[in-house]
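K.L.:
need a 3D model of the sequence below.
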Amino acid sequence: EICHHHHHPRTALCHCLHAGPLIQASPSFSPTPSSCTSPPPLLGRVVASDSILRILLGSIFVRREWKRIGALLRSRTYQGNAASGWKCSLASKLCASRFDFGLMLILVLLPLSHKQIVLNQTDHEFFYTDQVGGYMHNGLYSSGRRAELGWTLAHKLSANAVAVEEAADVSAAVVFAATHNLRLAVKNTGHDWFGRSGSHPDLEGSLLIWTHKLKKIVWHDAPFVPSQCPATSSVDDAVTVGAGIQFADLYPIAESRGRLVNGGTCTSVGIAGCTLGGCFGSFSQALGSAASNLLQANVVLANGTLVTVSSCSYPDLFWALRGGGAGFGVVIDLTFRTYPTPDRITSVDFHGSIGGDRPAPAIDVQAAAVEVLRAMDVALAAHEGWNGGFGIPTPANPSFSISLTTYNGNQSEGEALLGEIAAWVNAQDPSRKMTGLVTSHVAQRPPTGWSVPGAPEGQVSLPWDDPHHDSEIGTEHLVTMSKWVTRTALHAGPGETGLNAVARALINLTTLANSGWLAQLPTSVNADLMKSQGGARPNAINLFRATSQNPVLLDTVAFLTSQWRVPTFPQLPPSSQVLKTLWPRLQKYAITSQSDPLHEVCVAGAAGNATSAVDCMDGWTARVPKILVELNVLKDEMFRQFPPTHDGAPHWSGSYWHEADYYEPEWQDSFWGAETYAKLLPIKRLYDPRGLFVCHHCVGSESWDSTGNCKI
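P.N.:
So this is what the prediction gives:
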């Protein structure tokens, strides 16, 4: 795309818009400058790789089929390393290319009897993460035949991919992309909610660096001293992991050594991408996020240089990598602080109800919701590291609850924290028919360790991990959003004004999420403590203050998140074969009732009736706008109640960079806070001055137009 009205265009093909390289290449490499007459033949937009496919596959796979079906997993992969030379040169040699054909190409080439076998893998999270073009989410539900909106896998993906195996491979790919002024994407597992790792439409035709093969795990038996730091900074039992490592790779090994690496709960997630945005897990209030526990990283910069960053070496860049999101460089590996595996996991719960067998009066619902929030405030103010979550009552659902759990926690202290809300319930007039009970449990580490076999897809299970539920895998998002609830909001105004205002807001949000069309979908607004630091132990707070994570987290009493999704294949037209694959999950997460008019039609379509299959999928598509109307009302209310700032006061709320609204307003302030963003932006400009690493709502992306190709 040529942007004559902007002063810094970028293109996936060479249009001779620059006399030389985009940036100064590292002295270690001597790339060929861009040339109008000889554009790099393997690095065009998808139109270029279409031509190559026709050459290699002949009449088996023609261009019109490619354009009609699209591709979920169609990126080309280059094997090898920079030292010995690419098996397929990044600038030439069509015949030496090695292809990872991917799901949709497989479906075209396979006999009908085998296609269903491939489709049946598409609700397996590790199937997706092991493919160069595999993405956990398919985009926003504006895709397929509605592809003019949002991001979606119905768009063409990165045209080419480099399966890097060492830092020199990454450097070569970065320099090549910079030299030829190409869009660049970086991907490990493809979990990003917004397609930042190569499936975003802005990255169509880009060069993708696939880090999934960077799988090393190195335990440091000797005290680890971060680069350029004094010996007094040494940390025992540190671990260095490659950027391709997933939590499923690391957690069982750590547990077998009696160690715990505190990161995310979803085991197929990649540790590198997760850490860049913060990365919270079951013990984050006790031990801090993954970003807080990062000690060192090796990173390839936009000029191809490999640097080692720590609090003593490139400290500004190191700070930015600890929560500032993607876009500062390509991470090669990371070194983390680890902790002893817990001797015990302590849980304390409160469960209450209002009204008995009669509808709960609104005044009682409001009073109970206030007490839940008060109890959460008290529990977190103790700074004992409790994770967990809570539920507030509504007139339609009069139950309310609090769940607390922590690493090596004190059972009696936890019971005391929830004793106040239990005492409040017991003190109510019997006519209100309120009940409530505190329970607790301490799980001791088994003699054989915490690992239990039998988790999905051959994984082991640990109390602090949670494989992706199939409601997330291979889905399109209808709406995603997140907001933090802060003490600042709870304590605003005189008396209990703030408590009452937040309670009313949460009751209203929960009611909206369980009304109308939304009541038929098994999703709601969830409130948890995991992605919070408001109850963090002192050591976790100290670690947090040295990072670029949003400071609002230290003030939070809850994290609200809502992810409305539906299993789809936006890349494929409706068919009985596709519906057969989707139907087991569609009937759990979309068409949930047998009395639904679509249910019988969909059953027939999944059984092989082609007409019914199209009617089913078209019927769902026609229903989505009605659902989206209600979801947008819900989203507007959440954003109205929990803006980043309120009446000029900062840190009223915010959103998590990994799990937010695609169209997040005031995203800089929402993700990082104004002060932190003001520090991140000059670091971005220093280490990536020409914007090679541009991604959706990443630091500095406001300097580029909506395509990411033209600098404003």
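
K.L.:
distance check, the closest residue to Phe671 other than its chain neighbours against Gly273.
P.N.:
Among residues not flanking Phe671 along the chain, Trp657 sits closest, at 4.5 Å (CB to CB, 6 or more residues apart in numbering). Heads up, the C-betas are built off the backbone N, CA and C, glycines and all. Counting by CB to CB, to the nearest Å, the gap from Trp657 to Gly273 is 11 Å.

K.L.:
helix/strand/coil for Ser266?
P.N.:
If you look again at residue 266, you'll see it is Cys, not Ser. Of the three states, Cys266 takes coil under DSSP: H, G, I helix; E, B strand; the rest coil.

K.L.:
go ahead and confirm it touches Gln459.
P.N.:
No. Judged on CB atoms under 8 Å, Cys266 makes no contact with Gln459 at a distance of 11.2 Å.

K.L.:
who touches both of those two?
P.N.:
Pro467 (CB atoms under 8 Å, 6 or more residues apart in numbering).

K.L.:
what does stretch 490-505 contact?
P.N.:
So stretch 490-505 is contacted by 366, 369-370, 372-374, 377, 392, 485, 489, 557, 637, 641-642, 646 (CB under 8 Å, 6+ apart).

K.L.:
so how far is the helix or strand harbouring Phe126 from its chain's centroid?
P.N.:
Counting by DSSP states H and E, the element that carries Phe126 is helix 125-129. With CA atoms, centre = their mean, to the nearest Å as the basis, helix 125-129 stands 15 Å off its chain's centre.

K.L.:
which strands or helices does the helix or strand just after that helix pack on?
P.N.:
The helix or strand immediately downstream of helix 125-129 is strand 137-140, counting by DSSP H and E. Here strand 137-140 touches strand 475-486, going by 3 or more CB pairs under 8 Å, 6 or more residues apart in numbering; DSSP states H and E.

K.L.:
pLDDT (mean, whole number) over the strand it packs on?
P.N.:
Strand 475-486 comes out with an average pLDDT of 92.

K.L.:
after the helix or strand containing Ala368, which helix or strand is next? Please name it.
P.N.:
Assigned by DSSP H and E, Ala368 falls within helix 362-381. Using DSSP H and E, the helix or strand that follows helix 362-381 in sequence is strand 387-391.

K.L.:
now do the buried residues in the helix holding Ala368.
P.N.:
364-380 (16 or more other CB atoms under 10 Å).

K.L.:
now tell me what touches stretch 360-375 from outside.
P.N.:
350, 352, 354-355, 390-395, 398, 400, 402, 417-418, 420-421, 424-425, 432, 434, 490, 496, 499-500, 502-504, 506-507, 557.

K.L.:
Asp349 versus the closest residue to Thr511 other than its chain neighbours, what's the distance?
P.N.:
Spatial nearest neighbour of Thr511, excluding adjacent residues (CB to CB, 6+ apart): Thr394 at 5.1 Å. According to CB to CB, Thr394 and Asp349 sit 20 Å apart.

K.L.:
so which of the two has more stuff around it?
P.N.:
Thr394 (23 against 18; other CB atoms under 10 Å).
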